[in-house]
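K.L.:
all I have is the shape, not the residue letters:
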């Protein structure tokens with residue numbers, strides 16, 4: 001197995017190639033039946049059969065899998081088994097790290113389309129960030145007026161296109177779906193102000209919609225200036241150093257977690273206008289799409305937290321996050 005990362009690297013793997021490699025991996029390496037593979041990948045047995053036959057003809061399958069995605073698929077299986085994920089989707093890390101959100105956005109769009117086509121989905125919640133912006137850009141146009149797309153966290157006051165309001169509305173437009181907003185800033189001025197806000201009728205309705213979602217797609221924030229939340233979203237009275245001193249290694253839904261994935265003890269977590277992190281456990285499909293080595297520690301924390309059941313990440317970051325999470329688990333004896 002080798003991974004081509006030279007000048008001929010194509011930044012975006014075709015969805016067909018990803019499907020082909022996953023099918024033949026499950027069939028030849030794990031001994032799954034065609035029916036089991038079809039169910040696992042939300043497709044049908046006829047397509048699985050055709051992929052296996054074509055893989056033999058084309059040379060994709062000989063003694064080894066001849067694809068740069070082979071190591072990614074192996075890592076997917078490890079992550080799913082070790083962290084009780086329903087699915088891990090790992091894409092090759094590009095030479096240009098600026099392409100990571102593009103790759104992950106495409107993979108997230110492909111997976112979301114699988115979910116929409118494979119079951120009864122009535123509610124899709126979204127956070128915000130560059131990766132989710134790319135997910136929306138790669139979504140095909142569908143006609144799903146039965147779905148409500150909603151923002152699951154307050155937004156930035158800056159009018160940038162990766163804000164939660166724009167992402168929710170643009171995704172709804174691509175799906176020809178309904179749209180609702182959590183029309184508030186990411187943080188209230190105090191925990192008491194947050195409670196006063198979310199007790200209003202309009203916000204109680206919004207939170208009920210969030211709790212009823214079948215799918216929520218989120219990114220994971222880190223503690224560097226590369227984070228949009230660090231640059232634009234923190235209250236002026238709070239700085240990054242203060243949060244790190246409290247144990248923060250990243251955030252989910254604007255709420256900061258430590259290396260074990262537990263919320264830190266800090267007032268800012270009680271000011272976030274978003275569901276509490278524990279509420280994610282009741283959502284059937286919680287997808288975390290995040291990558292880049294700057295986020296490895298935060299992704300490791302999320303893996304340990306068990307808050308999500310799908311991870312979409314680039315290979316180098318996923319490997320580092322896995323190592324960090326397993327090391328911490330071994331040290332803690334859990």
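P.N.:
Received it, and whenever you're ready, just let me know what you need. Just so it is clear, the structure is predicted and the values come from calculations on it, not from any experiment.

K.L.:
domain assignment for the chain?
P.N.:
For the chain, the TED database gives the domain ranges 16-58, 68-333.

K.L.:
do a quick rundown of the strands in the stretch 101-250 of the chain.
P.N.:
123-126, 148-151, 178-180, 215-218, 250-252 (DSSP state E, counting those that start in this stretch).

K.L.:
by contact count, what packs against the last one?
P.N.:
Read it as strand 250-252. Packing contacts for strand 250-252, counted by 3 or more C-beta pairs under 8 Å, 6 or more residues apart in numbering; DSSP states H and E, involve strand 255-257, helix 296-305. (C-beta placed from N, C-alpha, C; glycine too.)

K.L.:
point out the most buried one among these.
P.N.:
helix 296-305 (a mean of 25; mean count of other C-beta atoms under 10 Å).

K.L.:
show me what it is packed up against.
P.N.:
So helix 296-305, by 3+ C-beta pairs under 8 Å, 6+ apart, packs with strand 250-252, strand 255-257, strand 310-314, helix 315-332.

K.L.:
which residues does it contact?
P.N.:
79, 83, 220-223, 249-252, 257-262, 277, 288, 290-291, 308, 311, 313, 317-318, 320-322, 324-325, 328-329 (C-beta atoms under 8 Å, 6 or more residues apart in numbering).

K.L.:
which residues does the residue nearest to residue 283 when sequence neighbours are not counted contact?
P.N.:
Leaving out its chain neighbours, the residue that sits closest to residue 283 by C-beta to C-beta, 6 or more residues apart in numbering is residue 216, at 5.2 Å. With contact set as C-beta under 8 Å, 6+ apart, residue 216 has these partners: 124, 125, 126, 127, 152, 210, 280, 283, 285, 286, 287.

K.L.:
if we use 10 Å, what do you get?
P.N.:
Applying C-beta atoms under 10 Å, 6 or more residues apart in numbering, we find residue 216 in contact with 123-127, 150, 152, 210, 253, 275, 279-280, 283-288, 308.

K.L.:
now those: which count as buried?
P.N.:
Buried residues within the contacts of residue 216, counting neighbours by 16 or more other C-beta atoms under 10 Å: 123-127, 150, 152, 210, 253, 275, 279-280, 283, 285-288, 308.

K.L.:
give me whichever of the domains of the chain is most buried.
P.N.:
The most buried one of those (mean count of other C-beta under 10 Å) is domain 68-333, showing a mean of 19.
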